[in-house]
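>>> For reference, the sequence and a predicted model appear below.
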Amino acid sequence: MPSHATFQPLLGLTIGDPAGIGPEILAKAVTQEEVRAACRPLIIGEAEIMRRAIRLCRLDLHVHPIASPTEMAASPGCLEVLDLKNIDTASCPPGVLAAHCGRAAVEYLNKAIDLAIARELDGVVTGPLNKEAMAQAGFRYDGQTELFAERTGVKDYAMLLAVGRMRVLHVSTHTSLRTACDKVKRARILTVIRLAHQVLRDLGSRQRRIGVAGLNPHAGENGRFGREEIEEIAPAVEAARAEGIGASGPYPPDTLFHRHRLGEFDALVAMYHDQGHIPLKLIGFHRGVNVTVGLPIIRTSVDHGTAFDIAGTGTANPRSLVEAILLATKFAHRRRKASHPLAV
């Protein structure tokens, strides 16, 4: 068994929608020295699509198609691609929404999930999907998070968005704002607080201070602007504290993120998608990482979409993907250390 210091997790990197920027940012990301030093990257998708991305980005990389992770050679300048051959490159021009591209993107995910469940991968890092293309292909998931949860048989899960040490978990994600308000319920909030505590433990945080946002302006101001804080959120916080979890709140959302940035909290629980996403994308638009917590496997992702408007130009910024890879590597090291306490 290699030491913790020399352990390089094998990560499956899915290309996302082949017509989007996923292949281009993947080609750029794997050339980064910090990525190559941290992990062994295996691209899951299409060899020809990756060759096209390499040409677009003018990179000095050689594509090595393989049929199984056991065939990896880890040669310098070699991009190893688990070539599923699910799509004809000519039928997939960059920037064009198509059902067959949405179908292929889901097939890449399913392959990566199967390999991770079989422990042939140490984690999965996913490129961006296009939800409309997925829907046209017959897949009715709100996003990748829900697909991963279904395929791994998990009911209690949540989306974590991270920018550096700022970490925010969400009670609800891709749903209408009206529906999101209806989802602010004690049981769900308590589940997300527990998941926040778990992810801080998984990251090795010595302190696990969790700030919980209110739903309404001023956190309801004692019922003047809504009773969700009194009837749902505060009872969930109290239940978490009774379990020994360091949660507090609900706090006014307009000040909570600033307090987190100053170091008062180690993670936050937001009540809905934009409440958590807007402040994090403001402070680190190109550095955000999307993590699905509560899964039996490691899954991180970019925090942006397919960007069809710039796909095919070779100009897409790979930083979010690089951060997703590095965070998946950190999770893999922590998980390995928990499984092998004597590893150094």
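Ah, there it is.

>>> Can you list the helices and strands that the helix or strand containing Thr292 packs against?
Thr292 is located in strand 289-293, with elements delineated by DSSP states H and E. Judged by 3 or more C-beta pairs under 8 Å, 6 or more residues apart in numbering; DSSP states H and E, the packing partners of strand 289-293 are helix 144-152, strand 158-163, helix 186-202, strand 299-302, helix 319-339. Placement of C-beta: from N, CA and C, glycine included.

>>> Turn the ones you listed into a markdown table, including mean neighbour count, mean pLDDT and distance to Glu24.
Conversion of these to a markdown table gives the following (neighbours: other C-beta atoms under 10 Å; pLDDT from 0 to 100; distance: least, C-beta to C-beta, whole Å):
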| stretch | mean neighbour count | mean pLDDT | distance to Glu24 |
| --- | --- | --- | --- |
| helix 144-152 | 20 | 93 | 19 |
| strand 158-163 | 24 | 95 | 22 |
| helix 186-202 | 20 | 97 | 30 |
| strand 299-302 | 27 | 96 | 12 |
| helix 319-339 | 20 | 92 | 10 |
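
>>> Ok, which of those comes nearest Pro235?
Shortest separation from Pro235 across the helices and strands packed on strand 289-293 is recorded for helix 186-202, at 5.1 Å, computed as C-beta to C-beta.

>>> Figure out how far the closest one is from the centre of its chain.
A distance of 17 Å separates the C-alpha centroid of helix 186-202 from that of its chain, computed with C-alpha atoms, centre = their mean, to the nearest Å.

>>> For Leu268, what are phi and psi?
The phi and psi values for Leu268, taken as degrees, to the nearest 10, are phi -120, psi 160.

>>> Quick check: it touching His258?
No. Leu268 sits out of contact with His258 when judged by C-beta atoms under 8 Å, with a separation of 11.1 Å.

>>> Contacts only, for the residue nearest to Ile193 when sequence neighbours are not counted.
For Ile193, the nearest residue in space outside its immediate sequence neighbours is Ala240; the separation is 4.4 Å by C-beta to C-beta, 6 or more residues apart in numbering. Residues touching Ala240, when contacts are defined by C-beta atoms under 8 Å, 6 or more residues apart in numbering, comprise 190, 193-194, 197, 210, 247.

>>> Which parts of the stretch 201-344 of the chain are strands?
In order along the chain, the stretch 201-344 of the chain carries the following strands (DSSP state E, counting those that start in this stretch): 210-213, 247-251, 267-270, 289-293, 299-302.
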